[in-house]
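Student: only geometry, no sequence info:
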């Protein structure tokens, strides 16, 4: 399995599937989800960032760190909290 797929939640995968089935039409996706075109564009941009994070991961970035970074992109954790979690995790691993 490709590494970037590990970072995707079911909702992300369903969005990607719907994107493919609509031949990449963001207008069709917006209609399907009942949201505006800019909302769909933002969601797609976040998925692209998520894929780049997982594909461009540093060797030291294990699954936990990549998970935290993905949560920042999803807006579930702010950057400040993510940095603290990652720093603490790395300290614990070194100990």
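Tutor: Alright, I've got the coordinates. Worth saying up front: this structure is predicted, and the values here are computed from it rather than measured. Residues are numbered from 1 along each chain as shown.
Student: mind listing the helices in this structure by residue range?
Tutor: In the chain, the helices defined using DSSP state H lie at 3-6, 10-21, 26-33, 37-55, 63-73, 79-94.
Student: out of those, deepest packed?
Tutor: Greatest average neighbour count among these goes to helix 63-73 (a mean of 17), per mean count of other C-beta atoms under 10 Å. All C-beta atoms are positioned from the backbone trio N, CA, C, and that covers glycine.
Student: quick one: contacts for residue 19?
Tutor: Going by C-beta atoms under 8 Å, 6 or more residues apart in numbering, residue 19 touches 29, 44.
Student: same deal with residue 5?
Tutor: residue 13.
Student: Which residue lies nearest the spatial centre of this protein?
Tutor: residue 50 (3.3 Å; C-alpha atoms, centre = their mean).
Student: That residue: what's it in contact with?
Tutor: Per C-beta under 8 Å, 6+ apart, neighbours of residue 50: 4, 7-8, 12, 70, 73.
Student: cutoff 10 Å now
Tutor: 4, 7-9, 12, 66, 69-70, 72-74 (C-beta atoms under 10 Å, 6 or more residues apart in numbering).
Student: Max pairwise distance over those: which two?
Tutor: Greatest spacing in the contacts of residue 50, by C-beta to C-beta: 4 and 72 (16.2 Å).
Student: and the lowest-mean-pLDDT helix or strand in the chain, how far from the chain's centre?
Tutor: For the chain, the helix or strand with the lowest mean confidence is helix 3-6, at a mean of 75 (criterion: mean pLDDT, DSSP states H and E). Chain-centre distance of helix 3-6: 10 Å, with C-alpha atoms, centre = their mean, to the nearest Å.
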